[in-house]
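1. Curious how this folds, go ahead:
(one chain, ligands or ions: 2)
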Amino acid sequence: MKVLVKAKAEVGLWQEDRPVPEIGPEDVLIKVKKTGICGTDIHIWNWDEWAARTVPVGLVTGHEFAGEIVAKGAQVQGLEIGQRCSGEGHLIGKLSRQSRAGKFHLDPATRGIGVNEPGAFAEYLRLPAFNVVPLPDSIDDEIGAILDPLGNAVHTALSFDLVGEDVLITGAGPIGIMAGAVARHVGARHVVITDVNPARLALAAEVADVTPVNVAQEDLRDVMARLKIVQGFDVGMEMSGNQQALDQMVEALVMGGRIAMLGIPPGKSPVDWSRIVFKAITIKGVYGREIFETWYKMIAMLENGLDVRKVITHRFKAGDFTTGFETMRSGLSGKVVLDWS
Ligand code: NAD
Ligand code: ZN
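-> Ligands and ions are numbered 1, 2, ... in the order given. You can find the predicted model right below:
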């Protein structure tokens, strides 16, 4: 089968032929139809410090996918061949206290497909049946292929009650934009989304009913005054990984405001902790998706009218992956989807 491999410890990915994976008694084999290119894949492509430390050379990459079950192990129950599916790419251990309490997303032994284990940039993917998420007919393969990042957005957005609240999202990457759509869907009053990239802000306004703000040009306080946000935003979602964005968020929040933090700052970043203490702000770190509550909620919301399709701006054949990665690296795209069929 054709796969995309981190074949060398340098910039890029390489297409190779590999044997179709063998499956164990509790696994399924998935014929991959569509995959999304993630920011994580860009780190792996760029072979930055994190990637070099984390990803073994020779690994099949990719973790955002939709496909169809074509084989199943002897112990697999409740899944049939032909079932369309996506799936959770975090392979969890079952021995930790957190897992045994049903908090699978907090298992410390988690390993990621396409990061630590063979991934989904491949014609076939082996996945534990436990990780499979069946897709209803109403969710097509390209939306199925972006459920992983949509799940990051949903997990973050549902961290705090947003009904009637004013929400600030810093970072209009694909996940920030989808979080904006989710926040509006669940009843936030104003959703302001900031970035310094005009293309991303324009896309945000196209995808969701949000107020885009270019913080390189506009003062956030002016926007707040215009929207009659008097005391500050009630909830913040940090989705840029940028230190200045977090500082700006802390300043723009009400006393007692809450921050859900998905963005990953580079290394150790300075934080004005006394400001956070005196404003009595709660910060929640958000990792991955709740397994499987986030998946349940996001599929329900998609079936109930949540529409994020426009965040997919580019579609390429898997063989044209180099163009796909260049598009994603340009910063001018939303989600880029590769077609493996
Ligand atoms: P992305 O890199 O595509 O988007 C980040 C955006 O932030 C960019 O558009 C960038 O221009 C913008 N930005 C830069 N400086 C800014 C500033 N000062 N103010 C406002 N915006 C600014 O990332 P993404 O794929 O949308 O992911 C969002 C973040 O979430 C990233 O930091 C990513 O590493 C992280 N992430 C975390 C998890 C997790 O499990 N915690 C999962 C996926 C992604
Ligand atoms: Zn991803």
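2. hey, let's count contacts and neighbours off CA atoms from now on
-> OK.
3. tell me which parts of the stretch 51-200 of the chain are close to ligand 1?
-> Residues of the stretch 51-200 of the chain found near ligand 1 (C-alpha under 6 Å from any ligand atom) are 152, 170-176, 194-197, 200.
4. For PyMOL, what selects the buried ones among the residues you listed?
-> This is how PyMOL selects the buried members of these, with burial counted by 16 or more other C-alpha atoms under 10 Å:
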select buried, resi 152+170+171+172+173+174+175+176+194+195+196+197+200
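5. Among the residues of the stretch 51-200 of the chain next to ligand 1, which one lies nearest to residue 226?
-> The shortest approach to residue 226 among these belongs to residue 194, at 15.4 Å (C-alpha to C-alpha).
6. Now do the SS call for the closest one.
-> strand (DSSP: H, G, I helix; E, B strand; the rest coil).
7. what do you get for residue 35?
-> strand.
8. Give me the nearest residue to it, chain neighbours excluded.
-> residue 65 (4.2 Å; C-alpha to C-alpha, 6 or more residues apart in numbering).
9. ok, now residue 9?
-> residue 57 (6.3 Å).
10. Check the secondary structure at that neighbour for me.
-> Following three-state DSSP, residue 57 is assigned to coil.
11. Does it touch residue 6 like I think?
-> Yes - in this structure, residue 57 is within contact of residue 6 by C-alpha atoms under 8 Å, at 5.6 Å.
12. Out of these two, name the residue with the larger neighbour count.
-> Between residue 57 and residue 6, residue 6 has the larger neighbour count (other C-alpha atoms under 10 Å), namely 24 against 14.
13. Who are the contact partners of that one?
-> Contacts for residue 6 (C-alpha atoms under 8 Å, 6 or more residues apart in numbering) come out as 12-14, 44-45, 56-61.
14. any idea how far residue 99 lies from ligand 1?
-> 18 Å (C-alpha to the nearest ligand atom, to the nearest Å).
15. Show the contacting residues for that residue.
-> Per C-alpha under 8 Å, 6+ apart, neighbours of residue 99: 92-93, 105-107.
16. For the helix or strand that contains it, which residues meet the burial criterion?
-> Secondary structure from DSSP states H and E places residue 99 in helix 97-100. By neighbour count with 16+ other C-alpha under 10 Å, helix 97-100 contains the buried residues residue 99.
17. if you average pLDDT over it, what comes out?
-> For helix 97-100, mean pLDDT is 98.
18. outside of the following helix or strand past it, which residues touch it?
-> For helix 97-100, the succeeding helix or strand toward the C-terminus, using DSSP H and E, is strand 111-112. If you take C-alpha under 8 Å, 6+ apart as the criterion, strand 111-112 is touched by 63, 89-92, 117.
19. Out of these, flag the one nearest to residue 275.
-> So of these, ranked by how close each gets to residue 275 (C-alpha to C-alpha), first place is residue 90, at 35.0 Å.
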